[in-house]
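> Here's my sequence, what's the structure:
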Amino acid sequence: MKLVHLNEAGRSPALPLPIDLPGGASLELQSLLRVLPGQRYVGGAQWQGRQVLAKMLVGSKTERHFARELQGAQLLADQGLCTPLLLDHGVSAGEGGWLLFEFLEGARSLADDWQAAADQPWLSDTQQQVLGEALGVIGQLHRRGLWQEDLHLDNLLRHDGRLYLIDGGGIRAETPGQALSRARVLENLGLFFALFPRAIDDFIEELLVHYLLANGEHALPLEALLKAVAKARELRLHTFMAKIQRECTAFRVWSGPSRLQVVRREEATALAPLLADPDAAIAAGEPLKLGGSSTVARVQQAGRQLVIKRYNIKGFGHWLRRFWRPSRAWHSWCEGNRLDFLGIATPRPLAVLERRTLWLRRQAYLITEHTPGMDIIARFAPCGADELPPEADLQALEALFAALLRERISHGDCKGNNILWQDGRWALIDLDAMQFHGQASSFKAAYARDRARLLRNWAADSALYRELDRRLPTYI
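Residues are numbered from 1 along each chain as shown. Now for the predicted structure:
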C-alpha cells in the first residue's frame, strides 16, 4: 500500500500492513497504538530489519502536523532531554509524512503506574513517587524553555530505569535553553494538576518540592497555581462535554433522520445487540421500574449486569412537548458523563439512543453500568430514633454534597432511593433533573431544595435529621 492510501484505511485497517514510503523505502505496520482516521496512524513497525515506532501522517493537514512533530522531537533532542531517537523522517506533498523513532520495548507509561495507585488513600507513597517523577521531568522541560501542550502521564514512558518524553507534536518553546517564564510555568503546571481529582489540591504544595528540585527558577505562589488549576479543569470539562456528542477516539456516533446513537467506543461491539433491539432486552430483563414516563430493567450482558432505561412517550400530547428538544435520555447521558468526569460517583453511562422519525424524537434509551448498592433509606434504616449511622457513611455524604456544591450541580430529586451506597461512596442515580448552574443565583435555590429534600427522608425530630442538618454544607 502506498502511504497516501492510508487516508482511506479507516479506523481499523488489517494488520500487518506493508506501506511504501515516497522515495522507495518501505515498512510493515504491525500494531496500532493510536488512530485518527484520515489524519494519523501510530504504531509498531518493522523498518530496515528493526522494530520502530512509526508515526504516519496523511490528509490535508499533513505538512502542518509533520512540521510540529518534527520540530518538537528536535527541540527535545537538542535540549538534551530524554526522548526516543528519531531514526528517519520525511514528507511528500499530496502523499503524506512519516517519523520513525526507536522502539522502547517493554516501556510502561506513568499513566499505567498511576492507574495502579489511583484508588489508594491520598497521598500514598506510590502516588507520591509517580507524581514526583512526573513533576521532576516537567521541571527539566521547563528549565530548558519548553513545555508540553498536551500534558498527561501517557506522554511519559519508563524504560530501563529512565523516563522518556514522547509526543513531539505537543512540545512548544519560548526561548530554547532559557528557563520558561513564570506565567507559562503556572499555566502548564495547572494543566498537569487538573488531570487529577480535586483531592490533589490539598497536596499540591507538598508535591511542588519535586518540581522545584528540577527547576527552581521561579517562586510559585500556591494561590496563583490553584487558580491556574481551576481554570484548566474548567477548560478540560468543557472539552470533554463536547466530545461526548461527536465522533472521536472515545465515542462512536450515528446521527440521521431515524436515530441518534452515541456509544463508548470500547463498548460498541458488546452493546450492539442491545442497541439493535432495546425493547426486547428490556422485556427479557428484570424490571426495576414500570412507570408511565419511563421503564427500567436490569439485563445480563457478557457476564455483567447493565441497566436500560427507556423514556416513554405517553401519548400524542406528550410527544408534542418532547419531539423538538433533547430527550431526557440525552440529558441523563450528558450529566452522567459530567459526574463521571468530575469523579462524583454514578453508574457509568455507556450508550444513549434516540429513535426518530424524520429527525423528530420518539422513545429514547440510556444504557449504564449497574450499581448494586443499597439506597440510603435502607442503609440507615437500622438506626433507631436516637442512633446515628457509621461515621464513614456520614463523612461520605458530606463529601458528596460538598462536591455538588463546589461544582454547582443540583440533582433535582434527592429522595432516598436515588442515593446508593457503593464501595465506600454514595452514588447518584436518576439524573433526569440534574443541572449544572452557570449562575450562582440559580444554583443557590436549587442546592437548598436538594438539601431539604434529602433531609425530608427522615423525621424532623430524629437524631439523624438533626445530625445531617448540622453536617451537610450550606451555600453561603
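
> And the chain, what are its domain boundaries?
When the chain is parsed with automatic domain parsing, its domains come out as 3-102, 108-238, 251-369, 375-471.

> Please tabulate the ones you listed in a markdown table and include distance to residue 245 and mean pLDDT as additional columns.
The C-beta positions use only the backbone N, C-alpha and C, and glycine is treated the same way. Shown next, in a markdown table, are the domains of the chain (distance: least, CB to CB, whole Å; pLDDT from 0 to 100):
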| stretch | distance to residue 245 | mean pLDDT |
| --- | --- | --- |
| domain 3-102 | 18 | 91 |
| domain 108-238 | 13 | 94 |
| domain 251-369 | 6 | 88 |
| domain 375-471 | 15 | 92 |
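
> what ranges do the strands span in the stretch 151-300 of the chain?
Ranges of strands within the stretch 151-300 of the chain are 156-159, 162-165, 171-173, 251-255, 259-264, 286-290, 294-301, based on DSSP state E, counting those that start in this stretch.

> what's the second one in contact with?
The one in question is strand 162-165. Applying CB atoms under 8 Å, 6 or more residues apart in numbering, the contact partners of strand 162-165 are 76, 81-84, 104, 107, 110, 133, 137, 141, 148, 155-158, 171.

> List the buried residues in that strand.
The neighbour-count check on strand 162-165 (16 or more other CB atoms under 10 Å) flags 163, 164, 165 as buried.

> CA atoms only for that strand - export them in PDB, please.
The C-alpha trace of strand 162-165 is given here as PDB (Å, rounded to 0.1, in the frame of the first residue of the first chain):
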ATOM      1  CA  ARG A 162      14.700   6.200  32.700                       C
ATOM      2  CA  LEU A 163      11.700   8.400  31.900                       C
ATOM      3  CA  TYR A 164      11.300   9.300  28.300                       C
ATOM      4  CA  LEU A 165       9.300  12.300  27.000                       C
END
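
> Residues touching the longest helix along the chain, excluding its own?
Across the chain, the longest stretch assigned as helix under DSSP state H is helix 222-243. The contact list for helix 222-243 (CB under 8 Å, 6+ apart) reads 186-187, 189-191, 193-195, 198, 201, 204-205, 208, 250-251, 334, 337-338, 341-342.

> and if you look at stretch 464-476?
So stretch 464-476 is contacted by 380, 383, 387-389, 394, 397-398, 401-402, 405, 443-444, 447-448, 451, 454-455, 458-459 (CB under 8 Å, 6+ apart).

> Kindly recompute the last result at 10 Å.
Stretch 464-476 is touched from outside by 380, 383-389, 394-395, 397-406, 408, 440, 443-448, 450-452, 454-460, 462, with contacts defined as CB atoms under 10 Å, 6 or more residues apart in numbering.

> are any of these buried, and which?
Here, 16+ other CB under 10 Å leaves 380, 383, 388-389, 394, 397, 399-401, 403-405, 408, 443-444, 446-447, 450-451, 454-455, 457-458, 462 buried among these.

> does residue 118 really touch residue 127, like I thought?
Yes - shown here, residue 118 and residue 127 form a contact pair, counting by CB atoms under 10 Å, at 7.8 Å.

> Have a look at those two and say which one is more surrounded.
residue 127 (22 against 14; other CB atoms under 10 Å).

> Can you get me a residue count around the closest residue in space to the more buried one that isn't next to it in sequence?
What sits nearest to residue 127 in space, not counting adjacent residues and going by CB to CB, 6 or more residues apart in numbering, is residue 117, at 4.9 Å. Neighbour count for residue 117, taken as other CB under 10 Å: 15.

> Would you list the phi and psi of residue 117?
For residue 117, the backbone dihedrals are phi -110, psi 0 (criterion: degrees, to the nearest 10).
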